[in-house]
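Asker: I would like the atomic coordinates for the input below:
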Amino acid sequence: MLSKAAESQLRAVTANLWVAEQPLRYFGLKITTRMTVVKLSNQALVVFSPITLNDALQQQLDHIGPVTHIVAPNLYHYFYLAGCKACYPTATCWAPPGLAAGHPDLPIDLELHPGDRSPWADIEMLFFDGFKTLGAGGFESLNEWVFFHSASRTLILTDTAFHFDESSSLGVRLAARMSGIYNKLSPSKLEQVATKDKEKVRAAVSQVLCWDFDRVVMAHGSIIETGGKVAFREGYEAFLGE
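Answerer: Residues are numbered from 1 along each chain as shown. The predicted structure follows:
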């Protein structure tokens with residue numbers, strides 16, 4: 001449990017879209033991980049990449065609407081899924097392909113598979129095929145879904161891009177420079193080495209760029225409020241060597 005001073009709080013980004021962050025250690029670095037919440041036109045809430053729900057955060061969620069959907073967007077962002085489901089047992093838990101098989105203890109209700117249509121009329125989604133990262137078992141597929149909230153022109157990413165800037169700690173800034181992602185919306189050099197099927201990634205990027213987004217919310221780093229489409233295109237041009 002976080003201390004009172006460090007308790008996560010929900011904050012509004014724009015109409016019907018909120019975020020909350022909590023500390024995370026990644027390769028020894030102190031960064032944050034971010035949960036994104038979207039209110040649908042039917043007033044239901046979709047929680048992407050849930051974090052620890054302390055009392056204050058749960059009260060804020062309950063105030064803005066019923067949590068009806070909980071989404072683990074890739075094979076890595078599932079650590080707080082069970083805790084969120086325990087708080088909202090009637091919510092539907094969605095997961096990427098392979099997560100239920102790898103973690104049968106998780107309270108997953110449905111998996112999203114390539115070719116599936118979005119279960120939410122207000123949100124478009126895309127399976128970001130071909131993208132890999134360095135995991136405990138070597139180069140591993142993320143099986144990440146990315147999402148587009150058209151009403152707010154917001155692209156919702158998890159680990160397919162980071163954005164560490166001057167607001168990050170000195171250690172994170174140094175690591176970001178070494179990884180080639182400082183002040184860029186891009187995957188790191190680790191993902192660049194791990195990702196071999198660049199054609200699949202190129203096709204996914206092309207489809208993402210068909211969406212009319214301006215803002216980008218990612219799980220790690222600073223939110224890009226405007227100019228996100230250009231930043232995403234430029235970051236992936238560098239990643240793909242174009």
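Asker: Now do the helices in this protein.
Answerer: 55-64, 81-87, 99-102, 170-179, 189-194, 198-208, 228-240 (DSSP state H).
Asker: Take the ones you listed and lay them out in JSON lines including mean neighbour count, mean pLDDT and distance to Ile31.
Answerer: For every residue, glycine as well, the C-beta is placed using N, CA and C. As requested, the helices of the chain are exported to JSON lines (neighbours: other CB atoms under 10 Å; pLDDT from 0 to 100; distance: least, CB to CB, whole Å):
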{"stretch": "helix 55-64", "mean neighbour count": "15", "mean pLDDT": "96", "distance to Ile31": "19"}
{"stretch": "helix 81-87", "mean neighbour count": "18", "mean pLDDT": "98", "distance to Ile31": "20"}
{"stretch": "helix 99-102", "mean neighbour count": "15", "mean pLDDT": "97", "distance to Ile31": "23"}
{"stretch": "helix 170-179", "mean neighbour count": "15", "mean pLDDT": "78", "distance to Ile31": "6"}
{"stretch": "helix 189-194", "mean neighbour count": "17", "mean pLDDT": "91", "distance to Ile31": "15"}
{"stretch": "helix 198-208", "mean neighbour count": "17", "mean pLDDT": "97", "distance to Ile31": "24"}
{"stretch": "helix 228-240", "mean neighbour count": "19", "mean pLDDT": "96", "distance to Ile31": "18"}
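Asker: now those helices in TSV, with distance to Ser141?
Answerer: What follows is the helices of the chain, written out as TSV (distance: least, CB to CB, whole Å):
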stretch	distance to Ser141
helix 55-64	31
helix 81-87	19
helix 99-102	11
helix 170-179	20
helix 189-194	9
helix 198-208	10
helix 228-240	16
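Asker: okay but Gly171 is in contact with Arg25, surely?
Answerer: No: contact criterion CB atoms under 8 Å: Gly171 and Arg25 do not qualify, at 11.4 Å.
Asker: before we move on, back to that, can you say which of the helices of the chain is nearest to Ala161?
Answerer: Of all the helices of the chain, helix 228-240 sits nearest to Ala161, with 6.1 Å by CB to CB.
Asker: same for that closest one, what does it pack against?
Answerer: Here helix 228-240 touches strand 154-156, helix 198-208, strand 215-217, going by 3 or more CB pairs under 8 Å, 6 or more residues apart in numbering; DSSP states H and E.
Asker: could you check the angle helix 198-208 makes with it?
Answerer: 170 degrees (axes from the mean of the first three to the mean of the last three CA atoms, to 10 degrees).
Asker: what sits against Met35?
Answerer: By CB atoms under 8 Å, 6 or more residues apart in numbering, Met35 lies in contact with Ser8, Val19, Ala20, Glu21, Val47, Phe48, Ser49, Pro50, Ile51.
Asker: Look up how far Glu225 lies from the fourth one.
Answerer: Read it as Glu21. Using CB to CB, to the nearest Å, we find Glu21 at a distance of 16 Å from Glu225.
Asker: Between those two, which has more neighbouring residues?
Answerer: Glu21 (16 against 13; other CB atoms under 10 Å).
Asker: Looks like that one contacts Ile51 (just checking).
Answerer: Yes: assessed by CB under 8 Å, Glu21 is found in contact with Ile51 at 7.2 Å.
Asker: Overlap of the contact sets of the two?
Answerer: Ser8, Thr33, Arg34, Met35.
Asker: what residues are up against the closest residue to Lys198 other than its chain neighbours?
Answerer: Spatial nearest neighbour of Lys198, chain neighbours left out: Leu240 (5.5 Å); criterion: CB to CB, 6 or more residues apart in numbering. Residues in contact with Leu240 (CB under 8 Å, 6+ apart) are Lys198, Val201, Arg202, Val205.
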